[in-house]
Every structure is written in structure tokens, then in C-alpha cells.
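Enquirer: here you go, sequence then predicted model.
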Amino acid sequence: MLDIYANEELAMEAFKKNDPLGVVAALSKAIHINPDVVKVHDLLKPTIEERMKTHPEELDTVTSYVHLNLNSTTFPELIKKYLPKFPNDKYFLEMQIKSFVTLKKNFKALEVVNKALKLYPEDLGLLYLRAECLCMEDKPTEEALNALDKFLVSAPKDHEKVPACYYRKSRYFYVNKNIEKYFECFEVGLSAEKKQLSCFMPYSFPNKELLEKIFNHEKQKFLDAKQLTSSSGNSTIAQSLTLIKQNPQRKPFILKHREVFGFIADKILGTGYVTAFQLKDSPNIQTKLSKTLKNITLKDMDPTAEKIYDGFKMDVKIVDYGFLPGGIAAIIEDVNGDLQKIGIYNWPSKGAQVLDFINAVKTFRPNVKLTIINPYMRMAISGTSMIRVDNPEFLKLGKLLLFIMSLCLG
């Protein structure tokens, strides 16, 4: 990381001295060390674009220009154009692999990464990418596990991909029903996050929020089963409170919710309007309200599968304020202390977004109790799980519980 920062500073110094060659040379060095970390400063954009016009075949210039367009829709075409000109350059090989991974073309990605490793056999970025490609299979193989272990043996403990490797290993053991090894790897991954540099925090890993929910769900089941065979006499309440306190997802889960809440509050209260979120269509499924409803909690539900738990009710309380647009979004907590997002749609409008926002905050405030009938576990458009409520019928406020029907009752 120090080498990256040093080269980024050299690029800025060259910019101040009006030295375009120095800019692209230093920036290219930083990019080749770790392209995931380097962000091209906006001040350098005109310099890079101008030099590209006069030096379109120069590796440092092309590298800087392509990386400048990393988030552009033209990026895949740029890689396709320049990789043949620099077929053995690690940056362009790595970007080609990542493009294939993004497009879920794992066989092509694996083909390129194997070629790249012949040129750079000890490169940690390529070793990780090979493991990632192998992990893209529906059922992870022992070859994928070995590739992850090969990376971990070579990488320093604070490398930014170490936690990701352990999360991928945990999936291998989960799929292969080795629950204790699954717990072990996931917990090592959480511990490895604590060794990360601040620039990599909060730690980002695909569907990490969902994975943590599955982990806590399985851990709770494991502890419950263990408690049944234990004679320790520990209080179930005390155990639940301890689990809540140790839950690693709780704080970032709430902080993320408040970050979005603050953004929307500023927009609505500042301008009076904010564009509603796009919703995934809900299936047209009719359910019936049973006279007798069984209790259910989050740990009894599978957060990876979209399902209506017909004939069940879930008692929860609001943990953090609800807000709009598109629907009322809040965080709920069940009797076990597990958290989940909830989205409530088709709520009666007050006629203006500002009034709707204020009403949502007043109605869905912390410690308000809800009972959700026929709870619907739904994958949101972001790819994370949530409880979705499409029809807020049967509503009682005040000292009574708030009853919500999660789907139309036909």
C-alpha cells in the first residue's frame, strides 16, 4: 500500500510540474501494484486524455487511460481493444479476467487466468482470481478449496482478500455439510477483517449481509441443539442476549439503514421530493387467513429462498425508523434478537411525500410492535433478503399490536 500511495503522490507532483510523462509513469506503476485500490484523481483526467491523443501505443499512457474509464460502459471494449497490443501485461490480463467474471463467463475467465499465471506464477492477485473462478461453480470443488489454500499460504495476514478466501472456504464446507468447519472458516474470516487497513473497511464481499444471516441462523440452530443435550443449566434468555451482543452484523446493518435514511430525509425535507425506488414485481399469489396461526421466527426461515410462510405469524418490533420512498423501509427484530429489513408497500398516502415521510417515521418508530401474518421472505432488487409486505390490511394502532397482512387475502 505504501508503494501505491508513493506513486500516486509522484503522479500529483508531476501534474503540478506539467509533466504528462511523469503523471502516467507513476500512475501506471500504482495501477500495476493493485488496480483495485487505485482511483484516478479527476485533476489528472485532462492530462491523461491529452497524452492519449499523442501516445496511443505507450503502455503507461494506455494503462492510465483505460483505468480512468474503469467504471465506464466502454471499459470492456477498451480491454478488448488493448489486450492484443499488450498480451502479456498483467494489468490487462487481470482486467480481462474480471470482465469475464462479471459476465459470469467463468470458463473463459479461468482460461485467461491460467495463461496469466504461467507468466506471473506467484502473483497474489492472479492466484486469488483463479480461486474465485473455481468458486463460481454451483457446487464448489476440492480444486477450488486447494486454490484458496494456495493463496492463503502465500498472502500476508492483512491482505485484503484473506477474509474473502475464508468466506469462500466456508461456503465449500457448508455445501458439503461440514458444519463445524463452516463455522470455523466463517469466524476466521470475520477475525481477518479486523486486520484490514482502514481503506478496506467496511469490508466488502458479495452478499456478505446475506451470508452473515445464514451464518447466524445456522449458529443459533447449532447452539439450540447443543443446549438440548447440555446440563449446564444456562438461561436461554441470557444465551440469546449474549448472541445478540456478539452478532457482528447488527451495528453495520443499522448504520447502513441510517445512512440511507439520512440521505432520503435530506432530499425530501430539502426539496420536497425524491424519486421512488424501482420494485421487483411481486408474484400474484393468493393466501388465506387461517383461524389458527403458528408462531415463526427469522431463524426458522430460509433467507436465500423466496417463500411465503402461509399459516404463520411473526412477532417483531421496530429497531430503526421507517422511511420512504417507494414503500416504508424499516429494520425489525424478532424475539431471538435477529434483525431483518422489512418493506411495506401500498401504505395509505397523505397526499405529499413530505407528509408520507413524517407519517412513516412517526408510525414505524423504534419499539413499535408488529405482528406479520403469512410473512413473505423476498429477495430485494439489490440482491439482499427482506420481509416484504404488499397489503397493509387489518391495522390496529395505539396500545394494540400492529397487524399487517403480507399478501392479498383473495
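Expert: Received, thanks. Numbers count the residues shown, from 1 in each chain.

Enquirer: low-confidence stretches in the stretch 201-350 of the chain?
Expert: 210, 224-249, 263-291, 324-326 (pLDDT under 70).

Enquirer: strands along that one, start to end?
Expert: Per DSSP state E, counting those that start in this stretch, the stretch 201-350 of the chain carries strands over the ranges 294-295, 307-308, 312-323, 328-334, 339-344.

Enquirer: got TSV for those strands, with mean neighbour count and distance to Leu2 too?
Expert: Placement of C-beta: from N, CA and C, glycine included. Listed next are the strands of the stretch 201-350 of the chain as TSV, based on neighbours: other C-beta atoms under 10 Å; distance: least, C-beta to C-beta, whole Å:
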stretch	mean neighbour count	distance to Leu2
strand 294-295	11	55
strand 307-308	15	49
strand 312-323	20	39
strand 328-334	24	39
strand 339-344	22	38
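
Enquirer: in a markdown table: the ones you listed, plus distance to Arg250.
Expert: Formatted as a markdown table, the strands of the stretch 201-350 of the chain follow (distance: least, C-beta to C-beta, whole Å):
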| stretch | distance to Arg250 |
| --- | --- |
| strand 294-295 | 23 |
| strand 307-308 | 24 |
| strand 312-323 | 9 |
| strand 328-334 | 9 |
| strand 339-344 | 6 |
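
Enquirer: mind checking which of the ones you listed is nearest Lys90?
Expert: Evaluated over the strands of the stretch 201-350 of the chain, closeness to Lys90 peaks at strand 339-344, with 40.3 Å, by C-beta to C-beta.

Enquirer: mind listing what the closest one pairs with, with the direction of each?
Expert: Paired strands of strand 339-344, with direction, are strand 328-334 (antiparallel), strand 385-389 (parallel) (DSSP bridges).

Enquirer: distance to Asn7 added to these, as CSV?
Expert: As requested, those are exported to CSV (distance: least, C-beta to C-beta, whole Å):
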stretch, distance to Asn7
strand 328-334, 42
strand 385-389, 41
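
Enquirer: gap between the two ends of stretch 317-331?
Expert: From its first residue to its last, stretch 317-331 covers 9 Å (C-alpha to C-alpha, to the nearest Å).

Enquirer: typo on my end, it should be stretch 77-90
Expert: Taking C-alpha to C-alpha as the measure, stretch 77-90 stretches 18 Å from start to finish.

Enquirer: quick one: closest of the strands of the stretch 201-350 of the chain to Gly262.
Expert: For the strands of the stretch 201-350 of the chain, the distance to Gly262 is smallest for strand 312-323, at 9.6 Å, taking C-beta to C-beta.

Enquirer: what pairs with that closest one, parallel or antiparallel?
Expert: Its sheet considered, strand 312-323 pairs with strand 294-295 (parallel), strand 328-334 (antiparallel), strand 369-373 (antiparallel) by DSSP bridges.

Enquirer: wait, which of the strands paired with strand 339-344 is closest to Tyr174?
Expert: Set against Tyr174 and scored by C-beta to C-beta, the strands paired with strand 339-344 come closest in strand 385-389, at 16.6 Å.

Enquirer: CA atoms only for the closest one, dumped as PDB, please.
Expert: Output of strand 385-389 as PDB, limited to C-alpha atoms (Å, rounded to 0.1, in the frame of the first residue of the first chain):
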ATOM      1  CA  SER A 385     -33.200 -10.600   1.600                       C
ATOM      2  CA  MET A 386     -36.100  -8.800   3.300                       C
ATOM      3  CA  ILE A 387     -39.600  -9.300   4.600                       C
ATOM      4  CA  ARG A 388     -42.000  -7.800   2.100                       C
ATOM      5  CA  VAL A 389     -45.500  -6.700   2.900                       C
END
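
Enquirer: how far off centre is that strand?
Expert: On the basis of C-alpha atoms, centre = their mean, to the nearest Å, strand 385-389 sits 17 Å off its chain's mean C-alpha point.

Enquirer: equivalent analysis for stretch 18-35, please.
Expert: Using C-alpha atoms, centre = their mean, the offset of stretch 18-35 from its chain centre is 31 Å.

Enquirer: which residues touch Phe173?
Expert: Counting by C-beta atoms under 8 Å, 6 or more residues apart in numbering, Phe173 touches Ile179, Lys181, Tyr182, Cys185.

Enquirer: can you get me a residue count around the third one?
Expert: Spelled out, that is Tyr182. Using other C-beta atoms under 10 Å, the number of residues around Tyr182 comes to 23.

Enquirer: so what does the host helix or strand of it touch, helix or strand wise?
Expert: For Tyr182, the host element (DSSP states H and E) is helix 179-193. Here helix 179-193 touches helix 162-175, helix 208-228, going by 3 or more C-beta pairs under 8 Å, 6 or more residues apart in numbering; DSSP states H and E.

Enquirer: you'd agree Val175 is up against Glu142?
Expert: No. Judged on C-beta atoms under 8 Å, Val175 makes no contact with Glu142 at a distance of 11.7 Å.

Enquirer: which of the contacts of Phe173 are buried?
Expert: The neighbour count (16 or more other C-beta atoms under 10 Å) marks Tyr182, Cys185 as buried among the contacts of Phe173.

Enquirer: of the contacts of Phe173, which is the nearest to Asn359?
Expert: Asn359 lies nearest to Tyr182 out of those, by C-beta to C-beta, at 43.8 Å.

Enquirer: check what pLDDT Ser28 gets.
Expert: At Ser28, the predicted lDDT confidence score is 94.

Enquirer: if anything else comes up later, I'll come back, but that's it for now.
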